[in-house]
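Engineer: Sequence first, then the predicted structure, then my questions.
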2 protein chains.
Amino acid sequence: MDTSLTQEELRDHIIDSATRSFEQYGYHGSGINYIIAQAGIAKTTLYRHFKTKEALILAAIQKEDVKFRREMIDYVSARSESPREQLLLTFDFMDMCFKHEGFYGCIFISATSEFSDKNSMIFIEAAKHKHYMVQYFVKLAAEAGFAHPKEIAAKINVLHEGCVAVAQVNTYDNAAIHAKSIAKIFLENQG
Amino acid sequence: MDTSLTQEELRDHIIDSATRSFEQYGYHGSGINYIIAQAGIAKTTLYRHFKTKEALILAAIQKEDVKFRREMIDYVSARSESPREQLLLTFDFMDMCFKHEGFYGCIFISATSEFSDKNSMIFIEAAKHKHYMVQYFVKLAAEAGFAHPKEIAAKINVLHEGCVAVAQVNTYDNAAIHAKSIAKIFLENQG
DNA sequence: GACTTGCGATACAGATCTGTCTACAATAAC
DNA sequence: GTTATTGTAGACAGATCTGTATCGCAAGTC
């Protein structure tokens, strides 16, 4: 690295750099040597902060979970106070994500693809993120006064996952906008 | 292998065996040695049929594309002659897929995750499958008489991708049934 | 019966992977 | 000044990966 960083900052820098690599090349496709080259650090440094590659992956997933949800919540909270509106605004947030250069898909879905053993730590952490996402949708649906917030949330979640997958394959498909318009129609038909 | 197979049958057997491995462990996670052990063949045999691992992956993707779409079309065609009904029946087909033991997610999405370079043959072949899927939805939507079949198809596609991703993380979520009920409401509101 | 073809088994080459080790520099604490 | 800590640089071990080469066997063809 270049200039003075605290241990915490350096650790974050390693995670961020590794995350970009995981996004682009997947977990198995991202070698330790490549990761440290991208981060500009020595191998010793990486292994001082993370005992194994799996520990690095877990840290990356956990950090991305917190970051993604915080950014999403900030985005929608800044634009509306209505829970129902917020449910729909999450799709605008997704749309913004897709247009970012460096978007290659959902690293949590990728994690469950590459580590399909449902007892593995990596699968569990990735699934945890998806669970938190649904919980957030449940909260908004309940606040919006829908009769069956869990069901609403599960369906909003299907639309979210769907637009991510479509955007991953076909970047310029307005997948999030499509998902939003479906969500709108769907919510309007819930009474 | 055990008994007499034609070259074509053996080739198919290798592809099927490799596909199961790719589904469970991903492409980078499936080593050649593991694949041949699972297939019960010699390494020489594999490399006689496929020049490289990439060629094997491409063959697996192409075969799965044809197989999946044929099975889906057969499934819905056998159950209804109404294009509109068929659009909805695709979700029942997905539900059936998810309940199969050995379902680990969509190998086409996994392919685009692990090989994100949009110029790579693997990405292109995987994207081709998704394109064929949308084409099929367009055809059904047009036959059903919807005014904007392409838009309908794109949205049905979002629901498809969504329920696959949800099912991959949480197998017992009735994701396909949720997607179907959204699709139903959505189609009813298209006039 | 000789020859060809396809497959199994396995040794092997060469690359790459994860993770450890040693050596050295810079900085802060005492 | 000494010592502990944290970093860089990179050699290295050992495993694993892709792909090739060699050998033997079985079956079909001439």
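Structural biologist: Yep, it's here.

Engineer: and the closest residue to residue A:114 other than its chain neighbours, what does it touch?
Structural biologist: Among residues not flanking residue A:114 along the chain, residue B:26 sits closest, at 4.4 Å (CB to CB, 6 or more residues apart in numbering or on different chains). For every residue, glycine as well, the C-beta is placed using N, CA and C. Applying CB atoms under 8 Å, 6 or more residues apart in numbering or on different chains to residue B:26 gives the contacts A:26, A:28, A:113, A:114, A:116, B:110, B:114.

Engineer: do residue A:87 as well
Structural biologist: Contacts of residue A:87 by CB under 8 Å, 6+ apart are A:137, A:140, A:141, A:144, A:152, A:156, A:183, A:187.

Engineer: mind putting those residues in TSV, neighbour count and distance to chain B included?
Structural biologist: Shown next, in TSV, are these (neighbours: other CB atoms under 10 Å in any protein chain shown; distance: CB to the nearest CB, whole Å):
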residue	neighbour count	distance to chain B
A:137	23	12
A:140	25	17
A:141	25	14
A:144	17	17
A:152	22	10
A:156	29	9
A:183	23	9
A:187	19	10
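
Engineer: DNA strand D contacts on chain A?
Structural biologist: By the rule CB under 7 Å from any atom of the strand, the part of chain A lying against DNA strand D is A:1, A:5, A:7, A:10, A:40, A:41, A:42, A:43, A:44, A:45, A:48, A:49.

Engineer: between these, which is nearest chain B?
Structural biologist: Nearest to chain B, judged by CB to the nearest CB, of the residues of chain A next to DNA strand D is residue A:43 at 20.9 Å.

Engineer: per-residue confidence for that closest one?
Structural biologist: For residue A:43, the model assigns a pLDDT of 96.

Engineer: ok, now how distant is it from residue A:33?
Structural biologist: 8 Å (CB to CB, to the nearest Å).

Engineer: is chain B contacted by the helix ranked longest in chain A?
Structural biologist: With secondary structure taken from DSSP state H, chain A has its longest helix at helix A:53-79. No - using CB under 8 Å from any CB of the partner chain, helix A:53-79 never reaches chain B; the gap is at least 12.9 Å.

Engineer: so after that helix, what's the next helix or strand?
Structural biologist: Per DSSP states H and E, the first helix or strand lying C-terminal to helix A:53-79 is helix A:83-99.

Engineer: average pLDDT for that following helix?
Structural biologist: Mean pLDDT, helix A:83-99: 98.

Engineer: interface residues of chain A facing DNA strand C?
Structural biologist: A:30, A:31, A:32, A:33, A:34, A:43, A:44, A:47, A:51, A:52, A:53, A:54.

Engineer: Adding secondary structure, neighbour count and distance to residue A:170, write those out as TSV.
Structural biologist: Output for these, formatted as TSV (DSSP: H, G, I helix; E, B strand; the rest coil; neighbours: other CB atoms under 10 Å in any protein chain shown; distance: CB to CB, whole Å):
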residue	secondary structure	neighbour count	distance to residue A:170
A:30	coil	23	24
A:31	coil	12	29
A:32	helix	15	32
A:33	helix	10	32
A:34	helix	14	27
A:43	helix	12	38
A:44	helix	8	42
A:47	helix	15	39
A:51	coil	9	39
A:52	coil	10	36
A:53	helix	17	31
A:54	helix	14	32
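
Engineer: Between those residues, which sits nearest residue B:86?
Structural biologist: residue A:30 (41.6 Å; CB to CB).

Engineer: Chain neighbours aside, what residue packs nearest to the closest residue to chain B within chain A?
Structural biologist: Closest to chain B within chain A is residue A:162: 2.7 Å, counting by CB to the nearest CB. Leaving aside its sequence neighbours, residue A:162 sits nearest to residue B:162 (CB to CB, 6+ apart; 2.7 Å).

Engineer: ok, residue A:84 - contacts?
Structural biologist: A:140, A:144, A:187.

Engineer: Which ones among those residues map onto helices?
Structural biologist: A:140, A:187.

Engineer: any idea which of the contacts of residue A:84 is the one closest to DNA strand C?
Structural biologist: For these, the residue nearest DNA strand C by CB to the nearest atom of the strand is residue A:140; the value is 38.9 Å.

Engineer: what sits against the residue lying closest to the closest one once chain neighbours are set aside?
Structural biologist: Distance criterion CB to CB, 6+ apart; nearest residue to residue A:140, sequence neighbours excluded, is residue A:83 at 4.5 Å. Residues near residue A:83 by CB under 8 Å, 6+ apart: A:139, A:140, A:141, A:143, A:144.

Engineer: ok, back up a step: what angle do the longest helix of chain A and helix A:83-99 make?
Structural biologist: 130 degrees (axes from the mean of the first three to the mean of the last three CA atoms, to 10 degrees).

Engineer: What is the burial count for whichever residue of chain A sits closest to DNA strand D?
Structural biologist: Residue nearest to DNA strand D within chain A: residue A:45 (3.0 Å; CB to the nearest atom of the strand). By other CB atoms under 10 Å in any protein chain shown, the residues close to residue A:45 number 16.
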